[in-house]
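Asks: sharing a sequence plus its predicted fold:
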Amino acid sequence: MPIDHNIKLDLAGKYALVKLHHLPGDPQTPQELAAAILEHPEAVVFGTGDNEFFPLMLRDFYATGALLGYGYAVAGDPEGDQQFGSEVLGLAHRSGRYHPRCKRPD
């Protein structure tokens, strides 16, 4: 299965990220979220150019290895945020085969 952005010429992937901390209030419904995004479109990040990303669901079968690698990289960096690294490692232990709804990526 190819990564979706590799099959589109403009390198746009199938996901966009919404930086909820850039939105005022606390949108609780799709309608509230859509209205907040219309007021603050800068909160939406498309995975192109310098903003390229790879989203990872905790329930993804392969997530544990990715999160362990990331968490240990942060923990091994003397300038890294150790609390953040510890929290990422905590996510790793709730991901992949440890997740109650583990599934292979689609």
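Replies: Thanks, I have it.
Asks: all contacts plus neighbour counts: C-alpha atoms, from now on.
Replies: OK.
Asks: name the residues that touch the longest helix along the chain?
Replies: Ranked by number of residues, the top helix in the chain under DSSP state H is helix 63-75. With contact meaning Cα atoms under 8 Å, 6 or more residues apart in numbering, helix 63-75 is reached by 56-58, 80-82, 84-89, 91-93, 95-97.
Asks: show me what counts as buried in the helix or strand just after that helix.
Replies: Downstream of helix 63-75, the first helix or strand assigned by DSSP states H and E is helix 82-92. Buried residues in helix 82-92, counting neighbours by 16 or more other Cα atoms under 10 Å, are found at 82, 85, 86, 88, 89, 91, 92.
Asks: apart from its neighbours in sequence, what residue is nearest residue 40?
Replies: residue 23 (6.7 Å; Cα to Cα, 6 or more residues apart in numbering).
Asks: show the contacting residues for the one you found.
Replies: 36, 37, 40, 43.
Asks: mind giving me the PyMOL command for buried ones among those?
Replies: Of those, the buried ones go into a single PyMOL selection, burial set by 16+ other Cα under 10 Å:
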select buried, resi 36+37+43
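Asks: quick check, nearest of the contacts of residue 23 to residue 17?
Replies: residue 43 (8.1 Å; Cα to Cα).
Asks: for that closest one, which non-adjacent residue is closest in space?
Replies: Excluding its sequence neighbours, the residue lying closest to residue 43 (Cα to Cα, 6+ apart) is residue 19, at 5.0 Å.
Asks: what's the neighbour count on the one you found?
Replies: 13 (other Cα atoms under 10 Å).
Asks: and residue 28, by the same measure?
Replies: Residue 28: 8 neighbours (other Cα under 10 Å).
Asks: quick one: contacts for it?
Replies: Residue 28 sits next to no residue when contact means Cα under 8 Å, 6+ apart.
Asks: check whether it sits in a helix, strand or coil.
Replies: Taking DSSP: H, G, I helix; E, B strand; the rest coil as the rule, one finds residue 28 in the coil state.
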